[in-house]
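Student: Requesting a structural model of the entry that follows:
(one chain, ligands or ions: 2)
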Amino acid sequence: MKTIGFCGLPNSGKSTLLKLLTKTETLIANYPFTTISPKLARGFFISNNLLQLHSLTKTPEIRPAYLNFLDVPGLIRGSHKGLGLGNEFLSYLRQSDIILEIIRNFKREDVIHSEGEVDPERDILLIEEEILQSEKKIIEENLQKIKRQPAKKDLAEKFIFILDNLQPFKRFPELKKDLKEYNLLLTKDWFLIFNGDLKIDKKNFENLCFKSIYQLDFQFELELQENRELQKEYPSQVNDLLNQIKKDIDLIEFFTFTDEITQSWLIERDNYLIKSAELIHSDFAKKFKSAEVINIKQFLIHKKNWSELKNLGLLKQVGRDYCIEEGDIIRIII
Ligand SMILES: Nc1nc2c(ncn2[C@@H]2O[C@H](COP(=O)(O)OP(=O)(O)OP(=O)(O)O)[C@@H](O)[C@H]2O)c(=O)[nH]1
Ligand SMILES: [Mg+2]
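Tutor: Ligands and ions are numbered 1, 2, ... in the order given. Next comes the predicted model:
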């Protein structure tokens, strides 16, 4: 499952977002470096489709798909040189598949900003500078190690290409596969979220390196989660955010159900059915014979059980290289 790592300055709201998305208890406080070790938690993705499907299957258990979120200590000026919890922080972040940069966009006197005033643009530049310096160091060290190995010539060329083209907000997603074992932050997909209620024009940040830019008032959402009265007036935007992230990282949702469990899954778009079989159970992939598929839209229209749908010829019989579509309900035959 994909892991989304949070990158941001201290007190930008990383742990607050983790709590919002994953509903796990975590230490949130108005002083820098509240978080001193990484924390991984699951953000469950409870879609309307899953709930509607469950209302028909009525299984005792419902198990939603999830994304992993990784909260890490804050980054500060000089992190790449090891200041604060710098190096550690960056190595944790490298373990994530995707980076979500969190930028403070709220004023609060009692919450210290490590740079003084609230200034999103300055913070984005600062984080970028730290990331660039840190990546440069890692690439140079690795290049040094492999320089005299003729077998690693290709790899060395790739490192040199990055060093030659290094500039703020430049990313190298095309090298992600070739440099996989190095887990470089510069080959990952980056997303940005502004936390708070101050006015901001997202358009000003569109041409940097972020695949999508979001905005949410974390503190307000947290209060909303705990206050039923407030919920009547203001619908929460947390689920919308999860949905948007899912879409932007190009995942699709599919479903399975047995007599016991109704379950949703997230998988990368354009994947073969056999990949989903692996995800569900490694045995399913090994013993795979064929599969029956119906899209949830049709399932909700007909409201019939599986064998009735089969008799009516509404189930598609597919093989291992069927390409899974958003909303497919799948039954694997082994
Ligand atoms: N007003 C306001 N306060 C917020 C918001 N988000 C977070 N805070 C407050 O800011 C403080 C820091 O939030 P955290 O989530 O702990 O920040 P962090 O980025 O995890 O900080 P470190 O772990 O120190 O790196 C807490 O007191 C939060 O209540 C917001 O949207 N608005
Ligand atoms: Mg924290």
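
Student: Check this structure for its longest helix and report it.
Tutor: The longest helix of the chain (DSSP state H) is helix 120-146.

Student: Might one say that Phe6 is in contact with Asp71?
Tutor: Yes - contact criterion C-beta atoms under 8 Å: Phe6 and Asp71 qualify, at 5.4 Å. The way it works is simple: take the backbone N, C-alpha and C, and place the C-beta from them, glycine included.

Student: Residues in contact with both of these two, list them for me.
Tutor: Lys14, Leu17, Leu18 (C-beta atoms under 8 Å, 6 or more residues apart in numbering).

Student: Show me what the helix or strand encompassing the last one packs onto, helices and strands only.
Tutor: Counting by DSSP states H and E, the secondary-structure element that holds Leu18 is helix 14-22. Contact partners of helix 14-22 among helices and strands, from 3 or more C-beta pairs under 8 Å, 6 or more residues apart in numbering; DSSP states H and E: strand 3-8, strand 39-45, strand 65-71, strand 189-195, helix 218-226, helix 238-248.

Student: wait, which of those is closest to ligand 1?
Tutor: helix 218-226 (3.3 Å; C-beta to the nearest ligand atom).

Student: Scan the shared contacts of Phe6 and Asp71 and report the most crowded one.
Tutor: Highest neighbour count within the shared contacts of Phe6 and Asp71: Lys14, with 29 neighbours (other C-beta atoms under 10 Å).

Student: Need the nearest residue in space to that residue, chain neighbours excluded.
Tutor: Phe6 (4.3 Å; C-beta to C-beta, 6 or more residues apart in numbering).

Student: now Ile124
Tutor: Per C-beta to C-beta, 6+ apart, closest to Ile124 is Ile103, 6.1 Å.

Student: what does Phe220 give?
Tutor: Nearest one to Phe220, counting by C-beta to C-beta, 6+ apart, is Asp197 at 6.9 Å.

Student: okay but the one you found is in contact with Phe218, surely?
Tutor: No - between Asp197 and Phe218 there is no contact under C-beta under 8 Å: 10.0 Å.

Student: Of these two, which one has the most company?
Tutor: Phe218 (26 against 14).

Student: And that one, how close does it get to ligand 2?
Tutor: 11 Å (C-beta to the ion, to the nearest Å).

Student: wait, what's in contact with that residue?
Tutor: Phe218 neighbours (C-beta under 8 Å, 6+ apart): Gly13, Thr16, Leu17, Leu20, Asn195, Gly196.

Student: how close does the third one get to ligand 1?
Tutor: When C-beta to the nearest ligand atom, to the nearest Å is the yardstick, Leu17 and ligand 1 sit 7 Å from each other.

Student: same thing with the fourth one?
Tutor: Using C-beta to the nearest ligand atom, we find Leu20 at a distance of 9 Å from ligand 1.

Student: Next, the contact list for that residue, please.
Tutor: Applying C-beta under 8 Å, 6+ apart to Leu20 gives the contacts Phe218, Glu221, Leu222, Gln225, Val238.

Student: Separate out the buried members of these.
Tutor: Phe218, Glu221, Leu222, Val238 (16 or more other C-beta atoms under 10 Å).

Student: Return only those of those found close to ligand 1.
Tutor: Phe218 (C-beta under 6 Å from any ligand atom).

Student: which among the buried ones among the contacts of Leu20 gets closest to Ile267?
Tutor: Nearest to Ile267 among the buried ones among the contacts of Leu20 is Val238, at 22.5 Å by C-beta to C-beta.

Student: Doesn't Phe181 lie inside a strand?
Tutor: You called it Phe, but residue 181 is Glu. No - under DSSP: H, G, I helix; E, B strand; the rest coil, Glu181 sits outside any strand and is assigned helix.
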